[in-house]
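*Asks:* Here is a sequence with its predicted model. Questions after.
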Amino acid sequence: MLIGQRIKEARLKKGYTQSDLGNLLNVSKVSICGYERGTRTPTLDIFNKLTEILDITPDYALGNDVGVVYEDEEKYTTKLSKDDIRIINELKKSPKLYNKFCEDPKRIIDVINRKINL
């Protein structure tokens, strides 16, 4: 869903409506809405054009905009979105909860999903 949020933010920043962006890409407004909601996935060609028109990098659109080096492996890096980092920083403010996440992240996510009925 992050890609949809990023596309929408960039579209609005450029002042485009969904119809405007669709016309620039030769796709329908419905397609743009689907991309933004995460119910449709653009083709690689459309994705490339989308990032060019919106003046964003593919890494940013995909949520890979901040480089991170893993502690355990000297030469291995990955990228995280700023949203991911913000979530991690907020989670670290609650050490007990953070430790529970570290112990068994899948179980904690399942519990949270059940609690909020997702």
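*Replies:* Thanks, I have it. None of these values were measured; they are calculated from a predicted model. Residues are numbered from 1 along each chain as shown.

*Asks:* Show me what the helix ranked longest in the chain is packed up against.
*Replies:* Using DSSP state H to define each element, the chain has its longest helix at helix 2-14. For helix 2-14, the elements it packs on are helix 29-37, helix 44-54, helix 58-62, judged by 3 or more CB pairs under 8 Å, 6 or more residues apart in numbering; DSSP states H and E. Bear in mind the C-beta positions are built from the backbone N, C-alpha and C, glycine included.

*Asks:* could you dump those to JSON lines with mean pLDDT and mean neighbour count?
*Replies:* Below are these laid out as JSON lines (pLDDT from 0 to 100; neighbours: other CB atoms under 10 Å):
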{"stretch": "helix 29-37", "mean pLDDT": "94", "mean neighbour count": "18"}
{"stretch": "helix 44-54", "mean pLDDT": "95", "mean neighbour count": "16"}
{"stretch": "helix 58-62", "mean pLDDT": "86", "mean neighbour count": "17"}
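
*Asks:* Now render these as CSV, adding distance to Ser81.
*Replies:* As requested, the helices and strands packed on helix 2-14 are exported to CSV (distance: least, CB to CB, whole Å):
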stretch, distance to Ser81
helix 29-37, 16
helix 44-54, 15
helix 58-62, 8
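
*Asks:* Between the ones you listed, which one is closest to Ile87.
*Replies:* Taking CB to CB, helix 58-62 is the member of the helices and strands packed on helix 2-14 nearest to Ile87, at 16.7 Å.

*Asks:* Now do the closest one: distance to the chain's middle.
*Replies:* 8 Å (CA atoms, centre = their mean, to the nearest Å).

*Asks:* which outside residues touch that helix?
*Replies:* The contact list for helix 58-62, computed with CB atoms under 8 Å, 6 or more residues apart in numbering, reads Leu2, Ile3, Arg6, Ile7, Ala10, Phe47, Asn48, Leu50, Thr51, Leu54, Asp65, Lys79.

*Asks:* For those, give me a markdown table that also has distance to Phe101.
*Replies:* Shown next, in a markdown table, are the contacts of helix 58-62 (distance: CB to CB, whole Å):
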| residue | distance to Phe101 |
| --- | --- |
| Leu2 | 19 |
| Ile3 | 24 |
| Arg6 | 25 |
| Ile7 | 29 |
| Ala10 | 31 |
| Phe47 | 32 |
| Asn48 | 36 |
| Leu50 | 33 |
| Thr51 | 32 |
| Leu54 | 33 |
| Asp65 | 23 |
| Lys79 | 21 |
